[in-house]
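Peer 1: got a structure for you, letters missing:
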């Protein structure tokens, strides 16, 4: 069987099973994303090991599905940005800043301490803490959209805090390597360069979004091009994601999120939302959630690695809930809202895996720690949606009042 036909049947299975899992999860009163994650784990090496079935002989199949998944998370974060307003983000900047900073510092400290307790040397321990300080709100954003609270004070603060967290973690990575690597390879100059690149990317991308997006959108909408606006938005998502990671020293999802924010200011926002949502939730986003489960392999766990993984998950959860939550409380959120924010910041994802991959490449962590970090990503991703629904359900009436006020 050709590689294409193997991809075709694999995609058919993944998308169908994802939708079924999401449906049953919804019927049980949980976010649909939870069902998609669970069936992903079932399809993965932990149970069925779909991609290693003798039927699939293409060695590049897993990589191809991974690429589809990466497009899915870009589209998901674009839609999250599309549903927000710049004024919302500015209004929540204090909460987002404090949550982002404390939500990075506390997991870093706890992760370092845990690493030392597991007999790591100081550099390995600090780098482990740095990995645990990264967050990923793509899962939380999906859950908040399902709960219809993305534009609430907590939802806006959550996405803003994630941007701060993203920047701080990558700066921390640069600073750490500057002290660990030889002066010829890294130094203070590289740290300043990272900061400059981040500021330049945010500035230029925002200027383009503010002045170019509306004009091009109006121009394209008047041309006889089939689905021209949807194609324009899709291409922009990919370019912003690529530019953010290649030149801006930030995660690609930050670029996609920024593109969504600025497209949200155009008069064609609703049309773009409909088109991109169809592409995203029909194809790419289910693949993203399933792919997380496909990377899990519970069969490899033993008592020692299981204990290490459990401690790392506890550090990841406690560090974010207390750090980001307390930051939100200092910024003016109520205790319940601070808890909601902290829970929303629990999940880990691509930024943490990027930092971990850099650590393996530089010899700062070994494959054992890297595998544990993958486990942390999967477990925190699985537990975040139901916990988010739980903490928001406690204040259902308050949530509705907040939405009406906005």
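Peer 2: Thanks, I have it. Not measured: the values here are computed from a predicted model.

Peer 1: Which parts of the stretch 301-406 of the chain are helices?
Peer 2: Ranges of helices in the stretch 301-406 of the chain, per DSSP state H, counting those that start in this stretch, are 303-330, 335-344, 350-362, 367-393, 396-405.

Peer 1: winner for burial among the ones you listed?
Peer 2: Greatest average neighbour count among the helices of the stretch 301-406 of the chain goes to helix 335-344 (a mean of 25), per mean count of other Cβ atoms under 10 Å. C-beta coordinates here come from the backbone N, C-alpha and C atoms, glycine included.

Peer 1: Could you list every helix and strand in contact with it?
Peer 2: helix 93-117, helix 153-180, helix 303-330, helix 367-393 (3 or more Cβ pairs under 8 Å, 6 or more residues apart in numbering; DSSP states H and E).

Peer 1: Can you name the residues in contact with that helix?
Peer 2: 95, 99, 103, 137, 140, 144, 153-155, 157-158, 161, 320-326, 328-329, 333, 384, 387-388, 391-392, 394-395, 398 (Cβ atoms under 8 Å, 6 or more residues apart in numbering).

Peer 1: ok now stretch 207-226, how far from the chain's centre?
Peer 2: The chain centre lies 28 Å from the centre of stretch 207-226; the measure is Cα atoms, centre = their mean, to the nearest Å.

Peer 1: Could you do stretch 78-97 as well?
Peer 2: 16 Å.

Peer 1: what do you get for stretch 3-15?
Peer 2: Stretch 3-15 sits 25 Å away from the centroid of its parent chain (Cα atoms, centre = their mean).

Peer 1: Repeat that for stretch 280-294.
Peer 2: On the basis of Cα atoms, centre = their mean, stretch 280-294 sits 13 Å off its chain's mean C-alpha point.

Peer 1: And for stretch 36-44?
Peer 2: Distance of stretch 36-44 from its chain centroid, counting by Cα atoms, centre = their mean, is 18 Å.

Peer 1: hmm, what's the outermost residue in this protein?
Peer 2: residue 224 (36.3 Å; Cα atoms, centre = their mean).

Peer 1: still on that earlier bit, compare the helices and strands packed on helix 335-344 and say which comes out lowest on pLDDT.
Peer 2: Among the helices and strands packed on helix 335-344, helix 153-180 carries the lowest mean pLDDT, a mean of 77.

Peer 1: between it and helix 303-330, how many degrees?
Peer 2: If you take axes from the mean of the first three to the mean of the last three Cα atoms, to 10 degrees, helix 153-180 sits at 120 degrees to helix 303-330.

Peer 1: Show me which residues of the helix or strand following helix 153-180 are buried.
Peer 2: Next in sequence after helix 153-180, counting helices and strands by DSSP states H and E, comes helix 188-221. Judged by neighbour count (16 or more other Cβ atoms under 10 Å), helix 188-221 contains these buried residues: 191, 194, 197-198, 201-202, 205, 208-209, 213-214, 217, 220.
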